[in-house]
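>>> From the sequence below, what's the structure:
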Amino acid sequence: MKLLFFLIFPILCAACTHDNTIGEKYLGTPYVRDPLGEEKAPDTDPLIRFDAFDCTTFVETVLADDDIEKLTKIRYKNGKVDFLNRNHFVATEWLPNNSWLVENVSAKYGKTAIRNVTINRSAWLKNVHNISVKQPLRTANLEYIPYENLGNIKTETPLIVLFVLSQSEKMYKKTGTDLAVRHMGFLMPNGMLRHASSSRGAVVDTDFNEYVAKRKKMPNNIGIVILEIK
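Have a look, this model is predicted:
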């Protein structure tokens, strides 16, 4: 009986190991800003690629399990491939259009606040892409954890972390709209943030608490959103 117990126990323990493998195969892959597009103007980049990522396309590609159809569903409202139909803005488009895949669970990890976001898509398209299209204003209430309310987060499964900015007049003048989310990545059970880092030029693992401490000191950085993967 004792021998049987010791034979079974390691198998049970192996099944309980924390999952730190998500996106692991892409560690070291170069960072390239906006590497994906619609394969036609105004963004002629490919629909999918595995040799370069920015922070958003890294998260999206990993969530899609490298499948182009699932990636398209994540990146575009109703999976319709078109530049104007892409989920460009996290708070007003990416989150609501991917509610089938992710859930904001920030309140589980700290006292939350609300960041009110108003996106002027028409102004952004004109300022950033020189595209003149009339589109309605889009609004959202983004629930987030202010840095001062953030403790040491423990998780047994990977979580998605969104890094939230306050309203910035400088950013508004540059882009024509408000930007609430500037960066995203996976918080791993081992306490690392796995993300495509522009400063380090690749997909890397960074100590999450150290990264949070740095962002906390940056202008307009106010907190994080925690998402569970369904």
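>>> just for the chain, where's the confidence low?
1-18 (pLDDT under 70).
>>> Which element, helix or strand, includes the residue nearest the centre of the chain?
Central residue of the chain (C-alpha atoms, centre = their mean): residue 184, 3.5 Å from the mean position. Using DSSP states H and E, residue 184 sits in strand 181-187.
>>> That strand - contacts with which helices or strands?
helix 55-63, strand 159-165, strand 192-197, strand 221-229 (3 or more C-beta pairs under 8 Å, 6 or more residues apart in numbering; DSSP states H and E). The C-beta positions use only the backbone N, C-alpha and C, and glycine is treated the same way.
>>> Recalculate using a threshold of 6 Å.
Taking 3 or more C-beta pairs under 6 Å, 6 or more residues apart in numbering; DSSP states H and E as contact, the helices and strands that strand 181-187 lies on are helix 55-63, strand 159-165, strand 192-197.
>>> re earlier: got the contact list for the residue nearest to the centre of the chain?
Residues counted as contacts of residue 184 (C-beta atoms under 6 Å, 6 or more residues apart in numbering) are 55, 59, 162.
>>> circling back: same list, the helices and strands packed on strand 181-187, but as TSV with distance to residue 212 please.
Compiled in TSV, those are given as follows (distance: least, C-beta to C-beta, whole Å):
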stretch	distance to residue 212
helix 55-63	15
strand 159-165	9
strand 192-197	8
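>>> mind giving me TSV with those and columns for mean neighbour count and distance to residue 71?
Shown next, in TSV, are the helices and strands packed on strand 181-187 (neighbours: other C-beta atoms under 10 Å; distance: least, C-beta to C-beta, whole Å):
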stretch	mean neighbour count	distance to residue 71
helix 55-63	23	6
strand 159-165	23	15
strand 192-197	24	15
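>>> shouldn't residue 138 be in contact with residue 93?
No. Between residue 138 and residue 93 there is no contact under C-beta atoms under 6 Å: 7.3 Å.
>>> Show me which of those two is the more surrounded one.
Under the criterion of other C-beta atoms under 10 Å, the comparison of residue 138 against residue 93 puts residue 93 first, with 19 against 16.
>>> The more buried one reaches residue 86, doesn't it?
No. Contact criterion C-beta under 6 Å: residue 93 and residue 86 do not qualify, at 8.0 Å.
>>> mind listing the strands for this protein?
102-104, 113-119, 138-146, 159-165, 181-187, 192-197, 202-207, 221-229 (DSSP state E).
>>> do you know which of those strands lies nearest residue 35?
Shortest distance between residue 35 and those, using C-beta to C-beta, is found for strand 192-197: 9.4 Å.
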